[in-house]
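Enquirer: Return atomic coordinates for the entry below.
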Amino acid sequence: MLDMPLLLLDLDNTLLPRDAAFRAWAEDFLAENGLPASDLDWLVMLDGSGYVPRSTVLGAAKRRYGIDRSIDSMLEHYRRSINSHIACPDSHASALRAAREEGWTLGIVSNGGTLPQLEKIRLTGLAAMVDGWVISEEARCIKPDPLIFEIAARRCGFRPAGDWTAQTWMVGDYGPSDIAGAEATGLRSVWLHHGRPWAERGYRPTVSAPSLPDAVRLVLGAAERPNAARHFATATASGRKRPPRTRIAVPASRLAPSPTANGLRPPFAQSASFTRAVPLTHLGPVTAPAAQPATTVGASIGASVGTSPAAQPVRPPTLPPVA
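Expert: The predicted structure follows:
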C-alpha cells in the first residue's frame, strides 16, 4: 500500500465543467441546424446535467424540430462534438498539483460510458495529473456502489483493506452517487454545492465547498501535512501501524448554505474530531443544536489553488422527529 493519503474525485462537474460544455454544444447544434437560439435553455433543461439519457434529449429535439436524421447518427455527432468543448480549468490543475505536492495520491471515479469518459480524461490532460481512474461501464459497477471506490483505490496503489478508508476523501457534485457512495464506503466527503442547497435527508457530506479548488483546500486543511509525517493507519514494513494524528474537520451538523444578511458567508466552524452522519433509522427525535461560535480553518494550500472565496458549509434540511 502506498504510504500517503488518497483523494478521489468525480469527473463531470467536479474536475471538468461538463454543464458548460453541454451549453456550448447546444449553441452550436442550434446554429448548425438553423434553429432558434432562444431554445438554448430548453435544451439545457432537457439535459438535466447529463443525468437524462442522450437518446431522450436528442429524440425530443428531433421531434421538436422535425430533424430528418436517425437518433443513432445524432448520437454519434453529439459524442464527437461534446468533448471538443471540455477543458480542465487552470485553477483545477493548480489544485491537483498542490495536493500532489502535499503528498496525496489522486484518483478519478466516474459514472458513464468508457470511451467518452476516457476521452475526456486524456484530452484535458487529467491522465497526467492523477494516479489512476475507474469508469463505471468498464468496471461493471456504478456509484454509489462501494465496489467502484475500492477498485479506484487498488488502481491508485492501495489495498482496500483494514483502515484504508481512514486515508481517503471523495469530492463530487452529485449527492446520490458521490456523497452517498462515500458514506456507504466509509469515506469522508466534500460536496460541491454549485450554489444549491443540500436536499438529501438520510445522509450528508462531511463538508461542502463552492468549487474544486476550495474543496481541495478543505481536504488539505483537514489534517497535518501528510508528506511530513504520513500516518493514516498505514502499515509499516514491520506490519505495525503508525499512530493517528489529530485532525480538524467540520461536522455535517454544522453545514449551512445560505448567506448572511450582508451577503457574506460565515467561515467554517471547526471540531476537534470528525463526525460521521448517522442513518435516520438510528436517530431519536431531532432537536435543534445549541449555537456554537464559529472559528476559521487556518490551513491553506497557498495561492497555487487560486483565490476563490472560502468554502461554505451546507445547512442540512430540518428533519421531523423519527419514530
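Enquirer: Spatially nearest residue to residue 219, not counting backbone neighbours?
Expert: Among residues not flanking residue 219 along the chain, residue 169 sits closest, at 4.9 Å (Cβ to Cβ, 6 or more residues apart in numbering). Where C-beta positions appear, they are placed from N, C-alpha and C, glycine not excepted.
Enquirer: That neighbour: helix or strand, and which one exactly?
Expert: strand 168-172 (DSSP states H and E).
Enquirer: again with residue 208
Expert: Going by DSSP H and E, residue 208 is in strand 207-209.
Enquirer: Strand partners (parallel or antiparallel) of that strand?
Expert: The strands beside strand 207-209 in its sheet (DSSP bridges) come out as strand 188-192 (parallel).
Enquirer: Name the next helix or strand downstream of the strand holding residue 208, please.
Expert: Using DSSP H and E, the first helix or strand after strand 207-209 is helix 212-221.
Enquirer: In CSV, list the C-alpha atoms belonging to that next one.
Expert: Output in CSV follows, covering the C-alpha atoms of helix 212-221 (Å, rounded to 0.1, in the frame of the first residue of the first chain):
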residue,chain,number,x,y,z
LEU,A,212,-12.9,22.2,-6.7
PRO,A,213,-10.1,24.5,-5.5
ASP,A,214,-12.0,25.2,-2.3
ALA,A,215,-12.7,21.5,-1.8
VAL,A,216,-9.0,20.6,-2.2
ARG,A,217,-8.1,23.4,0.3
LEU,A,218,-10.5,21.9,2.8
VAL,A,219,-9.2,18.4,2.4
LEU,A,220,-5.6,19.5,2.8
GLY,A,221,-6.5,21.6,5.8
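Enquirer: For the worst-scoring helix or strand of the chain on mean pLDDT, name the packing helices and strands.
Expert: Lowest by mean pLDDT, DSSP states H and E among the helices and strands of the chain is helix 71-82, with a mean of 93. Helices and strands touching helix 71-82, by 3 or more Cβ pairs under 8 Å, 6 or more residues apart in numbering; DSSP states H and E, are helix 18-32, helix 54-65.
Enquirer: can you tell which of those helices is closest to residue 187?
Expert: helix 18-32 (22.4 Å; Cβ to Cβ).
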